[in-house]
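Peer 1: Pasted the sequence and its predicted model underneath.
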Amino acid sequence: MQTISDIRQMQTLACSLKREGRRIAFVPTMGFLHEGHASLLREGRNNSDVLVLSIFVNPIQFGKNEDLDRYPRDMERDLRIASECGVDIVFTPTAADMYPTGFQTTVTVRDVSLPLCGASRPGHFDGVATVVTKLFNIVQPDVALFGRKDYQQLAVIRRMVMDLSMPLEVVGMPIVREKDGLAMSSRNAYLSKEQHLSALCLHRALADVRGLFAGGERTAEKLRKAALEIIGAEPGVTIEYVEFRDGATLDEQEVVDNATLLAVAAKLGQTRLIDNSVLGDEL
């Protein structure tokens, strides 16, 4: 496994691999890897000649008073997981190289960035779209893999790739959960034992709504009320949103179907967690 920090070196190597006809799979991350990331890496390993992992805590997707400085980092552990998953190249650029003095270009994916997390984190998805565009230009992947836990992020990237005619496939991978149902996230490391238990209300709410949906309920407002009751009953949990959206456009839906996305976000102390389920898919 090779570790590269220099942008030009990574780009030159990627272009050389492409000329040789090698298929490149790419998993962009902010590090502090867990089993969710590992599932992406294993899928990438199975569908490529060369597997590239990037580890870069992207400063421009963090808002004021968000957790950039305390975002969990463990490069030694990340490299061990990468090696176990068969990664060929780990790309670890610096913020100074990614955003040199005078940097002024950003990428905006307009409508799909506005609801859900975009409503409370203005500019966040501009930061995501900008860094992913740069990483795609550097790594030159044929396929890029993302987790569906960050469903809106996946929707933004898919829209961006389509709109800008980027020559790669974007694959969304299923959410990986703890044994108790909590969606895996690097930010779970912030949670105390008590907060972890409280956070399980998100999974319970998703499961309850899916049960009502399976029983024939199709009115979004009634389903939302059921989810709000479950999450709202948990002490210490502050609800940010519970919404039903079109799975492709993220337009709000009043009547749901199998393709409807149920998305939830809540805070426990200073830790913000998100989860989701497409009603017609497995939880």
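Peer 2: Okay, I see it.
Peer 1: can you give me phi and psi for V171?
Peer 2: Phi and psi for V171, reported as degrees, to the nearest 10, are phi -110, psi 130.
Peer 1: should've said V90
Peer 2: Dihedral angles (degrees, to the nearest 10) for V90: phi -110, psi 120.
Peer 1: Report the contact partners of it.
Peer 2: For V90, the contacting residues are 1-4, 52-55, 78-79, 82, by C-beta atoms under 8 Å, 6 or more residues apart in numbering. Backbone N, C-alpha and C define where each C-beta goes, glycine included.
Peer 1: Bridged to it, which residues?
Peer 2: T3, L53 (DSSP bridges).
Peer 1: For it, give its distance to L79.
Peer 2: V90 is 6 Å from L79, where distance means C-beta to C-beta, to the nearest Å.
Peer 1: what sits in contact with each of those two?
Peer 2: 1, 3.
Peer 1: Counting neighbours, what do you get for R19?
Peer 2: 8 (other C-beta atoms under 10 Å).
Peer 1: Regarding G127, what is its secondary structure?
Peer 2: Taking DSSP: H, G, I helix; E, B strand; the rest coil as the rule, one finds G127 in the helix state.
Peer 1: right, and it touches N58 too?
Peer 2: Yes - counting by C-beta atoms under 8 Å, G127 touches N58, with 6.1 Å between them.
Peer 1: Could you check which of the two has the larger neighbour count?
Peer 2: Set G127 next to N58 and count neighbours by other C-beta under 10 Å: N58 wins out with 22 against 18.
Peer 1: and the closest residue in space to the more buried one that isn't next to it in sequence, helix, strand or coil?
Peer 2: Among residues not flanking N58 along the chain, V131 sits closest, at 4.5 Å (C-beta to C-beta, 6 or more residues apart in numbering). With three-state DSSP as the basis, V131 sits in helix.
Peer 1: Quick check: V131 vs V264, distance?
Peer 2: 25 Å.
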